[in-house]
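**Student:** Sequence plus predicted model, see below.
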There are 4 protein chains.
Amino acid sequence: MAARSSQQAVEKRRLILDAAVRVFAREGFNGARVSDIAEEAEIAYGLVYHYFRSKDEILDTIFLERWNVMLEAIKAVRAQPISAREQLRAVASFIVESYRRDPDVMKVIVVEVTRAANSFGRAHLAQIREAYDGIAAIVEAGQSSGELRDTVTPAFAAMAFYGAIEQVLTGWIFEVLPGAPEDVDQAKAFVIDTICGGLDAR
Amino acid sequence: MAARSSQQAVEKRRLILDAAVRVFAREGFNGARVSDIAEEAEIAYGLVYHYFRSKDEILDTIFLERWNVMLEAIKAVRAQPISAREQLRAVASFIVESYRRDPDVMKVIVVEVTRAANSFGRAHLAQIREAYDGIAAIVEAGQSSGELRDTVTPAFAAMAFYGAIEQVLTGWIFEVLPGAPEDVDQAKAFVIDTICGGLDAR
Amino acid sequence: MAARSSQQAVEKRRLILDAAVRVFAREGFNGARVSDIAEEAEIAYGLVYHYFRSKDEILDTIFLERWNVMLEAIKAVRAQPISAREQLRAVASFIVESYRRDPDVMKVIVVEVTRAANSFGRAHLAQIREAYDGIAAIVEAGQSSGELRDTVTPAFAAMAFYGAIEQVLTGWIFEVLPGAPEDVDQAKAFVIDTICGGLDAR
Amino acid sequence: MAARSSQQAVEKRRLILDAAVRVFAREGFNGARVSDIAEEAEIAYGLVYHYFRSKDEILDTIFLERWNVMLEAIKAVRAQPISAREQLRAVASFIVESYRRDPDVMKVIVVEVTRAANSFGRAHLAQIREAYDGIAAIVEAGQSSGELRDTVTPAFAAMAFYGAIEQVLTGWIFEVLPGAPEDVDQAKAFVIDTICGGLDAR
DNA sequence: CATGAATGAGAATTCATTCAT
DNA sequence: CATGAATGAATTCTCATTCAT
């Protein structure tokens, strides 16, 4: 019975988180009311406070849940015995696939967290930085092995790489870039081609 | 006399805008109260509303003022008889210099506008897009002349390029990238080196 | 349980409406603050907005609630098989009794709505007109049957009739007419005597 | 020169009052801003405060100016050696003509003053009452001479009489009564016919 | 007299959070 | 667990009035 109700509690929590994602994606964090989330989840809105301490905590949870998956993915990629370029491709692919699978979550993360220098971005800076550092580590290893040029610092290269990807997501979010499935597929190749190969003709 | 008071009015407007930039940079748009702006500008509360219709209009003005300068700069760059790579370098340089000269304004634009898909970003989408299009046009011309590879679409390359730069600004804003003057100088070269030259060793 | 809390909700709404009537009667609609209403109702400020969308909606509700009762009363009077004079007496009696029973509500309606040509009066014109039309219909029927003279149009007679009554209420509100219970009783007869019988000696 | 500028001052004051009448009629007293009045008068809005102490004083002036003319008119009518019925007709005629000549002023008086039991109406109660008393005096004299029936008190008859007229103005203001010139003419006869003759057939 | 910038007290409304049931 | 009524702090915007020029 405890297991049963605990299981229900988990599901209800999930229900709220998923509803919050849709509402935050639609209205933005500031534009969203807790009552909107409750309505979207079809629950009484006092219940939200049984599962979360505050509206902030909901976004924190949404972000951390997904971001930790990404951190794990980056870690896994780094452990693979493949070239730096392949590792970067794998990371780009993971992020792009994350968007394809659940665009709302990525929209919320990109729009409400990773640039929110005075609120959530600052609060989760350590986590965000961990991703940058992981990418930088890939670049650094590539530079050490001679696979990548060492004219730019790894940290800088990591920012350029991550920024390029996030901007592509932003382009989809704003609908200024074509976001059909084949475009999303192509984007993975494009990002690597641009960042690794460079725009210059050889 | 009319000139005098008109001049004063312009200056007071400027005073408010400059104060608002500092406050928005410090607290974020949502965290900033109109009274904070008035206090920062050392004027009476109500005077803000003598010069601006609303808090939103203040941010709109801050954004458009600076963004239009950038659009002009991009236009001017495109008119120059230099290579695509040089044009991209000029654009990157302009944006990075803008940050160096007035980091608060760029922080506000990057943090509160260009990714704010449910508020100001959406409202100014046409302006934002104009910048992307200008960059894409540079890439397209470079591809036509054979200077740049045409394996990625100009629109895509423009997003990657702009995203890389904006992420560097973000890195400075969050202080995860070294932002000393020499780093800022170096960043210009790095961005071009990364995006044009690519990370791959030759 | 649902019935219980629903019932409570209804009662609280009533509590707010009744408090608002007292406050509007005392301070006028414009002079009344929402906080005055909350204080008068002995509830928290924000609860007013749980039950009503705005301060305007409170007055709308107060007006419509009572006015619809009056429209029903006029309709009922018109259905009675009595002379036009008796019908007019019944209408006058109903209005005067409404005032006697709840002078604050009538004060609010007369002072804040029925002459407020740029706000509530205009907003509720259709409802207000319906009352005029009902009275005019009584006059018209009386004229058709020969009971009343047809030297004035029914619409005009209705306005004179209604205006005479409302002015008597105004006299009580301003305390320029004696408003003791016996005066109120007498007023019913007086209105009919004046409007139907005329001031002229026979 | 003093005369000249004093004359100008008088004219400017008039300009403001006339503009205020139009604005109050259009927006209502509460909806009108002092700046609206200045704009309508085509003057700088600080100037309003050279001629009037406050927004309230403007309405006070508008009211008193016209109301005193009416009090004078009623006094003059009472001095005439004509029947009570003729005197009442003259009063009704005066009010109706006042509306015809300047509907905005009468609209402002009727809408913003004579029923405003918590603001201007209360403030000008003495003046308002003087008009009622004048009319009551006419009725009383008519009753003494046997011309009018004495079944109702003069004060009550005065209220019915005045209320009927004001309601007709209200009908024109709300456009629920036909207000063409011939209707306005007819109204004078109608009011007297209704109040003095009564609605009853003989 | 004339101007309109400057002031600041108010007031409505919102909404995250709490809590009694 | 669930409900949604209750709370009240916070904030934007308005606008009458003052005042320096």
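**Tutor:** Okay, I see it. Residues are numbered from 1 along each chain as shown, chains lettered A, B, ... in the order given.
**Student:** Could you list the low-confidence segments of chain A?
**Tutor:** Chain A contains residues with pLDDT under 70 at A:1-6, A:199-202.
**Student:** quick one, domains of it?
**Tutor:** Split into domains by automatic domain parsing, chain A comes to A:1-52, A:54-197.
**Student:** Give me the distance between the two termini of the last one.
**Tutor:** Yep, that's domain A:54-197 we're talking about. In domain A:54-197, first residue to last residue: 46 Å (C-alpha to C-alpha, to the nearest Å).
**Student:** Report whether it contacts DNA strand F.
**Tutor:** No: Domain A:54-197 stays out of contact with DNA strand F when judged by C-beta under 7 Å from any atom of the strand, the minimum separation being 12.8 Å. Bear in mind the C-beta positions are built from the backbone N, C-alpha and C, glycine included.
**Student:** I'd like to know which of the domains of chain A is closest to chain C.
**Tutor:** domain A:1-52 (11.4 Å; C-beta to the nearest C-beta).
**Student:** Please enumerate the helices of chain A.
**Tutor:** A:2-27, A:34-41, A:48-51, A:55-79, A:84-101, A:103-108, A:120-123, A:125-144, A:154-173, A:181-192 (DSSP state H).
**Student:** could those be laid out in CSV, adding mean neighbour count and distance to chain B?
**Tutor:** Converted to CSV, those look like this (neighbours: other C-beta atoms under 10 Å in any protein chain shown; distance: least, C-beta to the nearest C-beta, whole Å):
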stretch, mean neighbour count, distance to chain B
helix A:2-27, 15, 6
helix A:34-41, 18, 13
helix A:48-51, 16, 21
helix A:55-79, 17, 13
helix A:84-101, 20, 7
helix A:103-108, 22, 7
helix A:120-123, 18, 7
helix A:125-144, 19, 5
helix A:154-173, 26, 2
helix A:181-192, 18, 5
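**Student:** and those as a markdown table, adding distance to residue B:184?
**Tutor:** Converted to a markdown table, those look like this (distance: least, C-beta to C-beta, whole Å):
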| stretch | distance to residue B:184 |
| --- | --- |
| helix A:2-27 | 34 |
| helix A:34-41 | 42 |
| helix A:48-51 | 44 |
| helix A:55-79 | 28 |
| helix A:84-101 | 25 |
| helix A:103-108 | 30 |
| helix A:120-123 | 21 |
| helix A:125-144 | 18 |
| helix A:154-173 | 12 |
| helix A:181-192 | 25 |
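**Student:** of all those, which lies closest to residue C:115?
**Tutor:** Taking C-beta to C-beta, helix A:34-41 is the member of the helices of chain A nearest to residue C:115, at 39.2 Å.
**Student:** Output the contacting helices and strands for that closest one.
**Tutor:** With contacts taken as 3 or more C-beta pairs under 8 Å, 6 or more residues apart in numbering or on different chains; DSSP states H and E, helix A:34-41 sits against helix A:2-27, helix A:48-51.
**Student:** Tell me how far residue A:139 lies from residue A:92.
**Tutor:** Separation of residue A:139 from residue A:92 (C-beta to C-beta, to the nearest Å): 13 Å.
**Student:** which residues do the two both contact?
**Tutor:** Shared contacts of residue A:139 and residue A:92, defined by C-beta atoms under 8 Å, 6 or more residues apart in numbering or on different chains, are found at residue A:161.
**Student:** Return the nearest residue of chain A with respect to DNA strand F.
**Tutor:** At 1.7 Å from DNA strand F, residue A:46 is the closest residue in chain A, using C-beta to the nearest atom of the strand.
**Student:** and that residue, how many neighbours?
**Tutor:** 10 (other C-beta atoms under 10 Å in any protein chain shown).
**Student:** For stretch A:179-192, which outside residues touch it?
**Tutor:** The contact list for stretch A:179-192 (C-beta under 8 Å, 6+ apart) reads A:85, A:88-89, A:92-93, A:96, A:99-100, A:161, A:164-165, A:168, A:171-172, A:177, B:151-153, B:156, B:160.
**Student:** same question, stretch A:153-160
**Tutor:** A:132-133, A:135-140, A:143, A:148, A:152, A:195, B:164, B:167-168, B:170-171, B:176-177, B:187, B:190-191, B:194-195, B:199.
**Student:** Alpha carbons only: can I get it in CSV?
**Tutor:** C-alpha atoms of stretch A:153-160 as CSV (Å, rounded to 0.1, in the frame of the first residue of the first chain):
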residue,chain,number,x,y,z
THR,A,153,41.6,27.7,-25.6
PRO,A,154,39.4,24.7,-24.9
ALA,A,155,37.1,26.8,-22.7
PHE,A,156,36.6,29.2,-25.6
ALA,A,157,36.0,26.5,-28.1
ALA,A,158,33.5,24.8,-25.8
MET,A,159,31.5,28.1,-25.6
ALA,A,160,31.5,28.5,-29.4
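**Student:** residues contacting whichever residue of chain A sits closest to chain D?
**Tutor:** Nearest residue of chain A to chain D, counting by C-beta to the nearest C-beta: residue A:31, 30.5 Å away. Residue A:31 makes contact with B:118, B:119, according to C-beta under 8 Å, 6+ apart.
**Student:** Relative to residue B:77, which of the helices of chain A is closest?
**Tutor:** helix A:154-173 (19.7 Å).
**Student:** distance between that closest one and the chain's centre?
**Tutor:** 11 Å (C-alpha atoms, centre = their mean, to the nearest Å).
**Student:** what does stretch A:184-198 give?
**Tutor:** Centre-to-centre, stretch A:184-198 and its host chain are 18 Å apart (C-alpha atoms, centre = their mean).
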